[in-house]
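Peer 1: what's the 3D shape of this:
(one chain, ligands or ions: 2)
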Amino acid sequence: MLNGRTALVTGASRGIGRGVALGLAAAGADVAVNYHRPAEAEFGRDNAADAAGVVAEIEALGRRGLAVEADVADGAAVRQMVDTVVKELGGLDVLVNSAGICPFHDFLTMPEELWDRVHGVNLKGAFLCSQAAARVMVEQGRGGRIIGISSISALVGGGMQTHYTPTKAGMHSLMQSMAIPLGPHGITCNSVLPGAIATDINKDDWSDPDKRAYLDGRIPLGRFGEPDDIAGPVVFLASDAARYVTGSALLVDGGLFVNLQ
Ligand SMILES: NC(=O)C1=CN([C@@H]2O[C@H](COP(=O)(O)OP(=O)(O)OC[C@H]3O[C@@H](n4cnc5c(N)ncnc54)[C@H](O)[C@@H]3O)[C@@H](O)[C@H]2O)C=CC1
Ligand SMILES: C[C@H](O)[C@@H]1OC(=O)[C@H](O)[C@@H]1O
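Peer 2: Residues are numbered from 1 along each chain as shown. Ligands and ions are numbered 1, 2, ... in the order given. The predicted structure follows:
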């Protein structure tokens, strides 16, 4: 479905970003894997090594892969990253904004700096990457696809996520508004809204057996999601099959949202 296309996935060293990157490669795309070097290791991981591993998996699928380092909240680094992707892989057709953080925190004691950090990565980062990618796509003149990994949390609240859920609602709103100026260029902009997907972002929160049991009991399909469950919907939105889909949201949550009682 994506033969001959080139994609960039942000935050693709692990989790949903990695799953999406591999799904895009399996569908025929060459894929750039964005990673960043945080001040302190995230979940004890080596992001550069993890990103190199994802590139090796992409190459094992017969596609070209490229690891590109950039903090998505840093505009100059983002623009340099996009330039590198175009130079090394020959163009850019698909951008998936997956980079994101969600350190759970109480609202009343939340420091302003944490709000700024979460918004910088999750929302400003998506704006910076989308703007840099769209500039290339417009110049290329062959259309394009921009996909934001929003969340079920764009639709409902989280008591320990008052800094986070607005960024997920904002991700979807950003895609909706970008769809308007980019439509005449054949560039579609859509959101995917995952539910509860087993990745590092949830590792601490789901270590509470009661929380895990609560969520598990609310999912009609009877299991937590995996990153692979997000790859297929993203491949669809990135493909020609979704050529008339823009400004839309695709909820991918196993039924979690609708199952109130
Ligand atoms: N896991 C879940 O249940 C859900 C996750 N999401 C969203 O999915 C996206 C991916 O999250 P997960 O894969 O679950 O988490 P994860 O923690 O496994 O992966 C997050 C990725 O973003 C990268 N990242 C963090 N800060 C960055 C920065 N400044 N620059 C570049 N990369 C950065 C991390 O290094 C990592 O590769 C996030 O946007 C999150 O909000 C949405 C709904 C549910
Ligand atoms: C971090 C959360 O546990 C995860 O990310 C989201 O967007 C949803 O709230 C998931 O539960």
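
Peer 1: Could you list the residues of this structure in contact with ligand 2?
Peer 2: The chain has residues 102, 151, 152, 153, 158, 168, 196, 201, 202, 205 near ligand 2, with proximity defined as CB under 6 Å from any ligand atom. C-beta here means a position set from N, CA and C on the backbone, and glycine is covered the same way.

Peer 1: can you put these in CSV and add secondary structure and pLDDT?
Peer 2: Compiled in CSV, those are given as follows (DSSP: H, G, I helix; E, B strand; the rest coil; pLDDT from 0 to 100):
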residue, secondary structure, pLDDT
102, coil, 97
151, coil, 98
152, helix, 98
153, helix, 98
158, coil, 97
168, helix, 98
196, coil, 98
201, helix, 96
202, helix, 95
205, helix, 94
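
Peer 1: what about the closest residue to ligand 1 within the stretch 51-200 of the chain, how many neighbours?
Peer 2: Per CB to the nearest ligand atom, residue 100 is where the stretch 51-200 of the chain lies closest to ligand 1, at 2.3 Å. Residue crowding around residue 100 was assessed by other CB atoms under 10 Å; the count is 26.

Peer 1: and if you look at residue 184?
Peer 2: In terms of burial, residue 184 registers 8 neighbours under the definition other CB under 10 Å.

Peer 1: next one: residue 134
Peer 2: 21.

Peer 1: now do the one 5 residues further on
Peer 2: Neighbours of residue 139 under the rule other CB under 10 Å: 12.

Peer 1: Output the set of residues of the chain in proximity to ligand 1.
Peer 2: Of all the residues in the chain, those in contact range of ligand 1 (CB under 6 Å from any ligand atom) are 10-11, 13-17, 34-36, 42, 47, 71-73, 98-102, 121, 149, 151, 194, 196-197, 199-202.

Peer 1: buried subset of those residues?
Peer 2: Burial by neighbour count, judged by 16 or more other CB atoms under 10 Å, picks out 10-11, 13-17, 34-36, 47, 71-73, 98-102, 121, 149, 151, 194, 196-197, 199, 201-202 from these.

Peer 1: Among those residues, name the ones in helices.
Peer 2: Judged by DSSP state H, helices contain the following of these: 15, 16, 17, 47.

Peer 1: which of the residues you listed sit farthest apart?
Peer 2: Checking these against each other with CB to CB, the farthest-apart pair comes out as 16 and 47, at 14.8 Å.

Peer 1: if I look at residue 216, how far off is residue 161?
Peer 2: The span separating residue 216 from residue 161 equals 19 Å under the rule CB to CB, to the nearest Å.

Peer 1: who has more neighbours, those two?
Peer 2: Per other CB under 10 Å, whichever of residue 216 and residue 161 has more neighbours is residue 161, with 21 against 15.

Peer 1: got a list of what the more buried one touches?
Peer 2: 102, 104, 153 (CB atoms under 8 Å, 6 or more residues apart in numbering).

Peer 1: Can you add distance to residue 229 and give the residues you listed back as CSV?
Peer 2: Shown next, in CSV, are those (distance: CB to CB, whole Å):
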residue, distance to residue 229
102, 19
104, 23
153, 17
